[in-house]
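Student: The sequence isn't on hand, but the structure is:
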């Protein structure tokens, strides 16, 4: 029961990245260390030695669950010199502080250290990825990114090839080279949504694991990034501010914005006429921001003029605007109302009653609307037919 409690406490502390004091375990009940979530990580454990393991006495042992990409384990301790040694899976001893290759030794390894004495010591276990690759790339069509590796032997051949989609090498034409520690990749128009590139070579001679190794980098591709600004012809109408909105498409969202006035939102409201621009970035690399520009004009359109007209009952009337040049919109009310016509002239319906009828006309200029001008129609009765006497 006590051993179970200690092991649970140790596991919790390891997950939290804490150092802790514990009691040594035998090979049957080693201290549990879980490195499965990260290839490069380290932990320090304060413990006493008093167990038996791997044929040794007065030992401490650790069962380490390693990440699939971890190549090397290093084990060291304070108060102990490199003249001492540790073992991995009870195999040949490795000097303290010297990395040991664990490739091909399973997902869980046993580290054992035995030494006379029972003083508490801080033991440090470090998991290392013997080779590293640059991260996955997000590229727009026509943009160039770089893929690279470290930890490979530069004297050996480091080769690159596409492995998905299609047959191996189907997308090697996107690469600047197929060998070397660093290559460029440029996806053309209509490239696949993503391409997996495999890099292969030999670990560097300085690594504890000098053997063949390979890894994969995924290149995600996206259509070009474009941006427009709405409204198309922005104007400050009679002093009323106008809102400009950037509308990006393509690339890899989310987008970031930078306007010429320093704003970083997708929309801005401006009160002064002039030129405004916005730069938009996405989550891809290789190509810079895309910029759009617009000009904001100031306009206060002059209300149109249109003379009043007269008509007889039973007839229609033609109303005509004479200035400032249109385009015009005819309405049946001073505000809101129904749009009757967008022509220079408007022909009314047939009048069925006498009286005064009022219609309204307005004009637009660079997106701004004038006030409405009332246009009256006076409808009179038809004159009486004159009599004839003999």
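Tutor: Yep, it's here. As the structure is a prediction and not an experimental result, all values here were calculated from the model. Numbers count the residues shown, from 1 in each chain.

Student: any low-confidence regions in the stretch 201-350 of the chain?
Tutor: The stretch 201-350 of the chain contains residues with pLDDT under 70 at 205-207, 210.

Student: Mind doing that once more with 80?
Tutor: 204-211, 325-326 (pLDDT under 80).

Student: Show me where it has its helices.
Tutor: With helices called from DSSP state H, counting those that start in this stretch, the stretch 201-350 of the chain shows none.

Student: ditto for the stretch 1-150 of the chain
Tutor: With helices called from DSSP H, counting those that start in this stretch, the stretch 1-150 of the chain shows them at 2-15.

Student: Any stretches of it with poor pLDDT?
Tutor: Residue ranges of the stretch 1-150 of the chain with pLDDT under 80: 1-26, 80-83, 117-120, 129-130.

Student: how long is stretch 173-190 end to end?
Tutor: 14 Å (CA to CA, to the nearest Å).

Student: Domain map for this structure?
Tutor: Domain assignment for the chain by automatic domain parsing gives 2-128, 132-222, 226-299, 309-380.

Student: JSON lines please, covering these and showing mean neighbour count and distance to residue 388.
Tutor: Using the backbone N, CA and C atoms, a C-beta is placed for each residue, glycine as well. Formatted as JSON lines, these follow (neighbours: other CB atoms under 10 Å; distance: least, CB to CB, whole Å):
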{"stretch": "domain 2-128", "mean neighbour count": "17", "distance to residue 388": "114"}
{"stretch": "domain 132-222", "mean neighbour count": "17", "distance to residue 388": "89"}
{"stretch": "domain 226-299", "mean neighbour count": "16", "distance to residue 388": "61"}
{"stretch": "domain 309-380", "mean neighbour count": "15", "distance to residue 388": "22"}
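
Student: Just send the ones you listed back as a markdown table, with distance to residue 386 too.
Tutor: A markdown table is the format used below for the domains of the chain (distance: least, CB to CB, whole Å):
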| stretch | distance to residue 386 |
| --- | --- |
| domain 2-128 | 108 |
| domain 132-222 | 84 |
| domain 226-299 | 54 |
| domain 309-380 | 16 |
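
Student: From residue 92, how far out is residue 137?
Tutor: 41 Å (CB to CB, to the nearest Å).

Student: do residue 126 as well
Tutor: For residue 126, the distance to residue 92 equals 20 Å [CB to CB].

Student: and residue 26, what is it in contact with?
Tutor: Taking CB atoms under 8 Å, 6 or more residues apart in numbering, we find residue 26 in contact with 51-53, 59, 61.

Student: what do you get if the cut-off is 6 Å, keeping everything else the same?
Tutor: 51-53 (CB atoms under 6 Å, 6 or more residues apart in numbering).

Student: Just give the nearest non-adjacent residue to it, would you?
Tutor: Of all residues not flanking residue 26 in the chain, residue 51 sits nearest, at 3.9 Å (CB to CB, 6 or more residues apart in numbering).

Student: My guess is that neighbour contacts residue 59. True?
Tutor: Yes. Residue 51 is within contact range of residue 59, at 5.2 Å (criterion: CB atoms under 6 Å).

Student: average pLDDT across stretch 358-375?
Tutor: For stretch 358-375, the mean pLDDT works out to 91.

Student: Backbone dihedrals for residue 164, please?
Tutor: phi -160, psi 140 (degrees, to the nearest 10).

Student: for residue 74, which residues make a bridge with it?
Tutor: For residue 74, the beta-bridge partners are residue 126 (DSSP bridges).

Student: and it, how far is that from residue 101?
Tutor: Residue 74 is 11 Å from residue 101, by CB to CB.

Student: Kindly report the same for residue 360.
Tutor: Distance from residue 360 to residue 101, by CB to CB: 89 Å.

Student: try residue 316
Tutor: 99 Å.

Student: got it, and residue 155?
Tutor: On the measure of CB to CB, residue 155 and residue 101 end up 19 Å apart.

Student: do the same with residue 254
Tutor: With distances taken as CB to CB, residue 254 is found 42 Å from residue 101.

Student: Also residue 277?
Tutor: With CB to CB as the criterion, residue 277 and residue 101 are 56 Å apart.

Student: Could you do residue 230 as well?
Tutor: 61 Å.

Student: again, but for residue 270
Tutor: Counting by CB to CB, the gap from residue 270 to residue 101 is 64 Å.

Student: to the chain's geometric centre, what's the distance from stretch 261-272?
Tutor: 22 Å (CA atoms, centre = their mean, to the nearest Å).

Student: contact partners of that stretch?
Tutor: Residues contacting stretch 261-272 (CB under 6 Å, 6+ apart): 241, 243-246, 257-259, 296.

Student: what about 8 Å?
Tutor: 236, 239, 241-246, 255-259, 276, 296.

Student: out of the residues you listed, which are inside strands?
Tutor: Cross-referencing the contacts of stretch 261-272 against strands under DSSP state E gives 236, 242-246, 256-259, 276, 296.

Student: what's the closest of these to residue 339?
Tutor: Using CB to CB, residue 242 is the member of those that lies nearest residue 339, at 22.9 Å.
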